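Chemist: Just a sequence and a predicted model for now, questions to come.
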Amino acid sequence: MKDWRYWLAEQRGTLLAFGIFIVMFAIYSGNHPAGFTANVVQTAANKGVLLAFVAMAQTLVVITAGIDLSVGMIFTLTNCMASWLVIGTGLETAFGVLAVLGTGLICGAVNGAIVIYGRLQPIVATIATGAVFFGLALLLRPVPGGSVKEDLADFLTGRFFGVVPASLVALLVVVLVVWVPFSRSEFGRAAYAAGSSETAAYMSGVPIRRGKFLAYTLAGLLAAIGGLFLTFFTYTGEAAYASGNAYTLFSIAAVVLGGVSLFGGKGSAIGAIFGALAFRTIGDLLFVFDFDPLWQPLFQGVILLIAVSLGAFALFRVRNRLEWFL
Amino acid sequence: MSETTLGGIAGRMPKFLRRADPAVVTAFACIVILLLLGSLYSRSFLSPEYLLQQLKVASFLGVIATGMMLVILLGQIDLSVPWSVATGAMMACAAAAYGSAGVALAIPFGVLCGVAIGLVNGVGVAYLRIPSMIITLATNAVAQGLMVVYTGGFSPQDSATAAMRYLATGFTIPGVPNAVIIWALIGAAMVFVLTRTSFGRAVYGIGNRERAAYLSGIDTRRIVLIAFAVSGGLSAFGGVLLAGYASKAAQSMGDAYLLPSIAAVVLGGTSILGGRGSYLGTVAGVILITLLQSILSVMQMPEAGRQIIYGVVIVAMLLLYGRAPASR
């Protein structure tokens, strides 16, 4: 196969997610009463970026053929933490940000240690750690409240040069600083290899344990960045069970829309980001068409159902029936 | 925790214990330890009234976990439990508003709605080969959407029928709550199906290796479809019972049952990868989780502490006996 065709085949999921997002966003902004303005883009970006961070976190774990059902709770916990710590003088704020990100890293590392060194199934292990993280969040914020350094928050949720949404730039920076080095490193390759075939990777001497551990740890960090941004948008911390759970579930949906295989070893965080942005845009489509907001959950659900069923078309290409069963 | 020490201990035990699954034994041992710890705090933890009350509360989770176990044995998972429970409860209460025929059909109607959700899951997993984690997530979202549209976003005003209340809170045999009898009946039926029917054999077979089961002539897709339909129906029936217990349905009544039902099945020694596990273990897991929740709330532990302890206990117990073999 020629190089570009190989590249295309590898990036098909990502490109598809990008296409869906562009179409959805065109419909969205085309029908928005204000039209395609910097303001509309900024609002959409701020909403989408939160899910994008959590979806990136989920991607890292899903690539290793695992699943992290605690990302939403790490997101909630770090939100509550940021509402205490990211305040005060410049130095205090910087310390607060570092502490919040560090907490995310620790949460991710705990997940990784339990799954990899404790050899528990990721589904059950992260359900349990998710309960712990939520409990900690409740300890920090029994009632919603707190505050955040407003200059920093406004800077990171505003616009650069009046056009470019700052949150999108932040997302790009995170991709460049976290995802790109990881996916190109030895450990990133190990994470992919472990997801593709753990036994084969182990036999070939790939450092799968360290690769997977790093994936879980960085997932915690990314979820914490999401939690930090949530605080910047809302100015408060809230230990909301429903919202944390929703972010976990939506992150899985975004990952699937973004062409990342839940069986592991396939896909990229870039795809998941577009999956997340597309998912958010779809959810907001109803508002521009003036539907009753009551219909939003149903609409989102049906779209999700259709999106995941589309993958079933691949079945028609299967010649040997045994390939139905993975 | 190595296999050899467990085996060594088991070798010196009486025969009936040697045959038992170490996970099930550990789970029951933990129940006893929990009760003893609780009795240090208050004598009433060992009173028959308290234990019976706990069994009654456990039976709701037990009914739901029965369906979850069937699906987990296949190596799948059903994340649509929260809104299957709520849909069952709401639809049963809604049917009750339509005259005497509605009252009579309330319970079957609620359960049928759950079966419908389960059928969608089953078709997605078995015939469209969508990973169960995604399709059940999607049907959960759709069920939630339908219920939000139906109720207008508030808890519905319809209340449970007398029959539902009787099933959940009444006493047919003096001293034994009906809910416990129902759980026992469903459990007995499940044990029979799993151990004495070809359907049960097929479930374990598919959980071990679907390809092999298919090649042995089992219509694996039909089995998976039926299992998901049963799981949906049992979730909805659990919702019907809960609605009878609280005498009405509520928006997020099912949320508190997803994680406990998975945890109960897994703590009972059923492998989350499928193909291995016994119903006795699930019973132990359900009672264990219910007791843990109850003791923590009696000790007036705040919600935050309860969540933390809950999570830590699950991880600790799984580390004790739920670990996968090391890769070599």
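Modeler: On my side now, so go ahead. Given the structure is predicted, the values throughout are model-derived calculations rather than measurements.
Chemist: ranges for the strands of the chain?
Modeler: No chain was given, so I picked chain A. A:159-160, A:164-165 (DSSP state E).
Chemist: Actually, chain B is the one I wanted.
Modeler: Using DSSP E, strands in chain B cover B:171-173, B:176-177.
Chemist: out of those strands, nearest to chain A?
Modeler: Closest of the strands of chain B to chain A is strand B:176-177, at 28.4 Å (criterion: Cβ to the nearest Cβ). Bear in mind the C-beta positions are built from the backbone N, C-alpha and C, glycine included.
Chemist: That closest one pairs with which strands, parallel or anti?
Modeler: For strand B:176-177, the paired strands and their directions (DSSP bridges) are strand B:171-173 (antiparallel).
Chemist: In the strand it pairs with, which residues are buried?
Modeler: For strand B:171-173, the neighbour count (16 or more other Cβ atoms under 10 Å in any protein chain shown) marks no residue as buried.
Chemist: ok, residues contacting it?
Modeler: For strand B:171-173, contacts defined as Cβ atoms under 8 Å, 6 or more residues apart in numbering or on different chains pick out B:177-178, B:181.
Chemist: mind showing which ranges of the chain have poor pLDDT?
Modeler: I went with chain A, as the question did not name one. A:1, A:311-319, A:321, A:323-326 (pLDDT under 70).
Chemist: other chain: chain B
Modeler: Ranges of chain B meeting pLDDT under 70: B:1-19, B:153, B:155, B:322, B:327-328.
Chemist: OK, contacts around residue A:164?
Modeler: Applying Cβ under 8 Å, 6+ apart, no residues qualify as near residue A:164.
Chemist: and residue B:79, backbone torsions?
Modeler: Backbone torsions for residue B:79, taken as degrees, to the nearest 10, come to phi -90, psi 10.
Chemist: residues from the stretch 151-300 of chain A in reach of chain B?
Modeler: A:198-199, A:202, A:241-242, A:245, A:249, A:252-253, A:256, A:262-263, A:294-300 (Cβ under 8 Å from any Cβ of the partner chain).
Chemist: now do 7 Å
Modeler: Within reach of chain B by Cβ under 7 Å from any Cβ of the partner chain, the stretch 151-300 of chain A has these residues: A:198, A:202, A:249, A:252-253, A:256, A:262, A:294-295, A:297-300.
Chemist: related to what we said a few turns ago, now neighbour count too, for the contacts of strand B:171-173, in CSV please.
Modeler: Shown next, in CSV, are those (neighbours: other Cβ atoms under 10 Å in any protein chain shown):
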residue, neighbour count
B:177, 21
B:178, 20
B:181, 16
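Chemist: Check the spacing between the nearest residue to residue B:255 once chain neighbours are set aside and residue B:26 real quick.
Modeler: In space, and not counting its chain neighbours, residue B:255 is closest to residue B:82: 4.9 Å by Cβ to Cβ, 6 or more residues apart in numbering or on different chains. Distance check for residue B:82 against residue B:26: by Cβ to Cβ, to the nearest Å, it reads 29 Å.
Chemist: Just to check, residue B:148 is in contact with residue A:295?
Modeler: No - counting by Cβ atoms under 7 Å, residue B:148 does not reach residue A:295; the two are 8.3 Å apart.
Chemist: quick one, what contacts residue 62?
Modeler: This is for chain A. Applying Cβ atoms under 7 Å, 6 or more residues apart in numbering or on different chains, we find residue A:62 in contact with A:255, A:260, A:262, A:264.
Chemist: was after chain B, sorry
Modeler: Residues near residue B:62 by Cβ under 7 Å, 6+ apart: B:183, B:187, B:283, B:286.
Chemist: ok so, going back, just checking, which of the contacts of residue A:62 belong to helices?
Modeler: Among those, the ones falling in helices (DSSP state H) are residue A:255.
Chemist: Out of the contacts of residue A:62, grab the one that's most surrounded.
Modeler: In terms of neighbours by other Cβ atoms under 10 Å in any protein chain shown, these top out with residue A:255 at 31 neighbours.
Chemist: residues in the stretch 1-150 of chain B within reach of chain A, list them.
Modeler: With Cβ under 7 Å from any Cβ as the criterion, the stretch 1-150 of chain B comes near chain A at residues B:77, B:124, B:128-131, B:133-135, B:137-139, B:141-142, B:144-146, B:148-149.
Chemist: circling back: let's have the residues of the stretch 151-300 of chain A next to chain B in TSV, adding distance to residue B:317.
Modeler: Formatted as TSV, those follow (distance: Cβ to Cβ, whole Å):
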residue	distance to residue B:317
A:198	25
A:202	28
A:249	26
A:252	26
A:253	31
A:256	31
A:262	27
A:294	42
A:295	43
A:297	35
A:298	38
A:299	41
A:300	36
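Chemist: now the end-to-end length of stretch A:167-183.
Modeler: This stretch, stretch A:167-183, spans 23 Å end to end (Cα to Cα, to the nearest Å).
Chemist: In that stretch, which residues are buried?
Modeler: A:167-168, A:170-171, A:174-175, A:178-179, A:182-183.
Chemist: Equivalent analysis for stretch B:205-213, please.
Modeler: For stretch B:205-213, burial by neighbour count (16+ other Cβ under 10 Å) applies to B:205-208, B:210-211, B:213.
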